[in-house]
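>>> Would you be able to build a 3D model of this:
(2 chains)
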Amino acid sequence: MQKTELTINRKKRSIEADPRTTLLDALRHHLDLTGTKKGCDHGQCGACTVLGNGRRINSCLTLACMHDGDEITTIEGLGTPDDLSPLQAAFVRHDGYQCGYCTPGQICSATAMLQEVAEGWPSNVTEDVEVAPPLSREEIAERMSGNICRCSAYPNIVKAILEAAEADQ
Amino acid sequence: MRPFNYSRAETEKEAADAGSDGATFIAGGTNLLDLMKLEVMTPDALVDINPLDLKSISTTDDGGLRIGALVTNSDCAADQRVRHDYPVLSKAILAGASGQLRNKATTGGNLCQRTRCYYFYDTAMPCNKREPGSGCGAIGGVNRLHAILGASDACIATYPGDMAVALSALDASVEIRSANGNMRSVPVTDFHRLPGDTPEKDNVLETGDLITAVTLPPPPGGTHVYRKVRDRSSYAFALVSVAAVAKMENGKISGIRLAFGGIAHKPWHDPAVEDVLTGESPSEALFDKAGEILLKDAIGQGSNDFKIPLARRTLSAVLRQATASGASA
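A predicted model of the protein is given here:
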């Protein structure tokens, strides 16, 4: 068994688990934070996306014990039903989902993605990688390609992200 | 996933000692844990090398860059020096995986990425890379992703990465710490190997070797292009990719470096292709000639036959783009 101490959604938490425990399983099974979803469990769908020290990661492809001392933010840490984050509110307003299973991952991913854009990171569709690109539908689609929506709510997901990004400026 | 012992290495020596005892290094873990879940890889011990001080990008004495082995793909692609002086590297990294994976994947780990051959991933199938001597399911099987150059009777797998293709075009080197503490530098073009009759060995790393950095020569200048052809426009492995760094003088190609992904067991680099282009004026006939040289020994395996014309056309398209800026100068 491996003892790991993490800060999750600004609270100190501690778990003792088999080293095989992924961060995803630790969140869901050891810490009762079931907002983070298990989709493919192989890093292909993005449903398990959380923020690790502010960066978006697939919680299924990392071991909980490798995050000793890290700050993890899950969907539960971004907003509450009474106090939605701007992206959560935009997803509701634009109906950025059908079944909702991918939504926590989409919103965690988009939250960090907008930060990456704010820091001037280029993407695969950025014309000149030296220049920080403005956010466009094409940039959002490329940057969010690690989050799959099997209901294919993509048009409304992109609208919600664009609106939240514009409101932030 | 099979049980394993987990430990952390605080120093390179601790890591190397654990590696010499048979432990597998874990950094980002995005490929390793995927393979461990499928029991394609079943290490008895994992040594977490994340505490090591290998997370910075620094300038070298000769004006190049040294990228620490633990620099994430995201941080490398977003680094201003990389974007300005080695844009082909940023482009290649950004063409691979997803934002989430690039945030975890590291420079050293990405070099060690395993093949995406379906038979390697499926433990019910024969695979000489996973289980030496068991045979190759891909030869005569489904082999759409597979090699057209440098394959063997034992293995036709491809190296799947993008970053190493750009590093090959940039003439980068891998800095390796041996188990005994000695340092050596291996050109990226010599780091991965062809399968031969030992396809279980992807690269030249020996037991206890630790990648500490990738070093880039001084900025090469010129036009940088990375073109990746794949089944969907994002988050898919290359069918064919081409990295190019081209310099033009008086309308002629004064220098060019080219490397190819998705077509062999390693990033493919053929100096004869560069030689035929150097000193010449760009033209479609010249590009065709370069493609002929590149592919003179290419062999299709059935479902990947299309890669031969695809590689030729992708090379022409990249050369057109890379030489356009100075063609009329």
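
>>> Grab the nearest non-local neighbour of A:Pro86.
A:Ala164 (4.7 Å; Cβ to Cβ, 6 or more residues apart in numbering or on different chains). Every residue, glycine included, has its C-beta placed from N, CA and C.

>>> Verify the stated contact: the one you found with A:Leu87.
Yes - counting by Cβ atoms under 8 Å, A:Ala164 touches A:Leu87, with 4.6 Å between them.

>>> and the stretch 51-200 of chain B, which residues reach chain A?
Residues of the stretch 51-200 of chain B lying near chain A by Cβ under 8 Å from any Cβ of the partner chain: B:74, B:77-78, B:80, B:83-84, B:87, B:90-91, B:94-95, B:97-101, B:103-104.

>>> picking that back up, roughly how far out does the strand or helix carrying the residue nearest to A:Pro86 sit from the chain middle?
With elements taken from DSSP states H and E, the one containing A:Ala164 is helix A:154-168. Computed by Cα atoms, centre = their mean, to the nearest Å, the separation of helix A:154-168 from the middle of its chain amounts to 15 Å.

>>> before we move on, what about stretch B:161-180?
With Cα atoms, centre = their mean, you get 8 Å for stretch B:161-180.

>>> residues in chain A within reach of chain B, list them.
Residues of chain A lying close to chain B (Cβ under 8 Å from any Cβ) are A:2, A:18-20, A:22, A:41-43, A:46, A:49, A:52, A:55-58, A:61-63, A:65-66, A:109, A:112-113, A:116, A:119-124, A:126, A:129-130, A:141-147.

>>> Just the buried ones from the residues you listed, in ChimeraX syntax?
Only the buried entries of the residues of chain A next to chain B go into this ChimeraX selection, using 16 or more other Cβ atoms under 10 Å in any protein chain shown:
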select /A:2,19,20,22,41,43,46,49,52,55,56,57,58,61,62,63,65,66,109,112,113,116,121,122,123,124,126,129,141,142,143,144,145,146,147
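
>>> returning to what we had before: helices or strands up against the helix holding A:Ala164?
Where contact means 3 or more Cβ pairs under 8 Å, 6 or more residues apart in numbering or on different chains; DSSP states H and E, helix A:154-168 is packed against helix A:86-94, helix A:103-118, helix A:137-143.

>>> any chance of those helices in a markdown table, plus mean pLDDT and distance to B:Met248?
Listed next are the helices and strands packed on helix A:154-168 as a markdown table, based on pLDDT from 0 to 100; distance: least, Cβ to Cβ, whole Å:
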| stretch | mean pLDDT | distance to B:Met248 |
| --- | --- | --- |
| helix A:86-94 | 98 | 46 |
| helix A:103-118 | 98 | 34 |
| helix A:137-143 | 97 | 30 |
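
>>> can you put the ones you listed in JSON lines and add distance to B:Arg114?
Below are the helices and strands packed on helix A:154-168 laid out as JSON lines (distance: least, Cβ to Cβ, whole Å):
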{"stretch": "helix A:86-94", "distance to B:Arg114": "35"}
{"stretch": "helix A:103-118", "distance to B:Arg114": "25"}
{"stretch": "helix A:137-143", "distance to B:Arg114": "26"}
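
>>> Nearest to A:Arg13 among these would be which one?
Closest to A:Arg13 of the helices and strands packed on helix A:154-168 is helix A:103-118 (Cβ to Cβ; 17.6 Å).

>>> Thank you kindly, that will do.
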